[in-house]
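Colleague: Here you go, sequence then predicted model.
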Amino acid sequence: MDARDIVKDIMKEKNRTNADIANNLGISVAALWDRLSKTTTGTNKPKSITVKKLNDLLRCLDYELVILPRGKAGRIDDAYVVTEEEGDK
């Protein structure tokens, strides 16, 4: 899963809405939508999310960003592995 899919998955698991997270971050719902969108508006160009913005989103969901040696995260309960491919967990 990519980072945005992971955030959306956690939001769904925790029953948190875009409005909840946007309010917690002090941004508009439209700004949050833009952060969670995989492409730049009006183009098909994929965009990345900064570590800071990802960390801010995860903090709102009571998660944290951790870097582990490859192959270790899958052994931790409820761990997500960030990839560039959709559908990986």
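Modeller: Right, received. Where do you want to start? Numbering: from 1, shown residues only.
Colleague: quick one: contacts for the residue nearest to the spatial centre of the chain?
Modeller: The structure's the chain has its C-alpha centroid closest to Val7; by CA atoms, centre = their mean the separation is 3.0 Å. Taking CB atoms under 8 Å, 6 or more residues apart in numbering as the contact definition, Val7 lies against Leu36, Leu54, Leu57, Leu58, Leu61. Backbone N, C-alpha and C define where each C-beta goes, glycine included.
Colleague: how about a cut-off of 6 Å?
Modeller: With contacts defined as CB atoms under 6 Å, 6 or more residues apart in numbering, the neighbours of Val7 are Leu57.
Colleague: Looks to me like it is in a strand.
Modeller: No: the secondary structure assignment for Val7 gives helix rather than a strand, going by DSSP: H, G, I helix; E, B strand; the rest coil.
Colleague: measure it to Thr83 for me?
Modeller: 14 Å (CB to CB, to the nearest Å).
Colleague: Also Met1?
Modeller: When CB to CB is applied, the distance between Met1 and Thr83 equals 6 Å.
Colleague: Could you do Ile27 as well?
Modeller: Summarising the geometry, the distance separating Ile27 from Thr83, computed by CB to CB, is 26 Å.
Colleague: Same question for Asn24.
Modeller: Between Asn24 and Thr83 the computed distance is 27 Å (CB to CB).
Colleague: cool, and Arg4?
Modeller: Taken as CB to CB, the spacing of Arg4 relative to Thr83 amounts to 12 Å.
Colleague: now Arg35
Modeller: 19 Å.
Colleague: the more surrounded of those two?
Modeller: Each of Arg35 and Thr83 has its neighbours counted (other CB atoms under 10 Å); Arg35 has more, 21 against 14.
Colleague: Centre of the chain to the strand or helix carrying the more buried one, how far?
Modeller: Arg35 is located in helix 29-36, with elements delineated by DSSP states H and E. Centre-to-centre, helix 29-36 and its host chain are 11 Å apart (CA atoms, centre = their mean, to the nearest Å).
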